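S.K.: What follows is a predicted protein model with its sequence.
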Amino acid sequence: MKKYQFAITRLKMVMLWRIPLLDLLWRDI
């Protein structure tokens, strides 16, 4: 159960990081 929770929190962190990164990439293009 802990692994599942950790995966969700990590996924949320990645999503939060990727949204601004994708936004910057789209602006460059």
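M.R.: All right, it came through fine.
S.K.: State the pLDDT value of Ile29.
M.R.: Ile29 is assigned 62 on the pLDDT scale.
S.K.: One more: Gln5?
M.R.: Per-residue confidence (pLDDT) for Gln5: 91.
S.K.: State the distance from it to Leu11.
M.R.: Plainly put, Gln5 is 11 Å away from Leu11 if you go by CB to CB, to the nearest Å. All C-beta spots, glycine's among them, are computed from the backbone N, C-alpha and C.
S.K.: mind listing the strands for this protein?
M.R.: Taking DSSP state E, the chain contains no strands at all.
S.K.: quick one: low-confidence parts of it?
M.R.: Applying pLDDT under 70 to the chain picks out residues 29.
S.K.: so where do the helices sit in it?
M.R.: Under the criterion DSSP state H, the chain contains helices at 2-28.
S.K.: okay, now Leu24: neighbour count?
M.R.: Leu24: 8 surrounding residues under other CB atoms under 10 Å.
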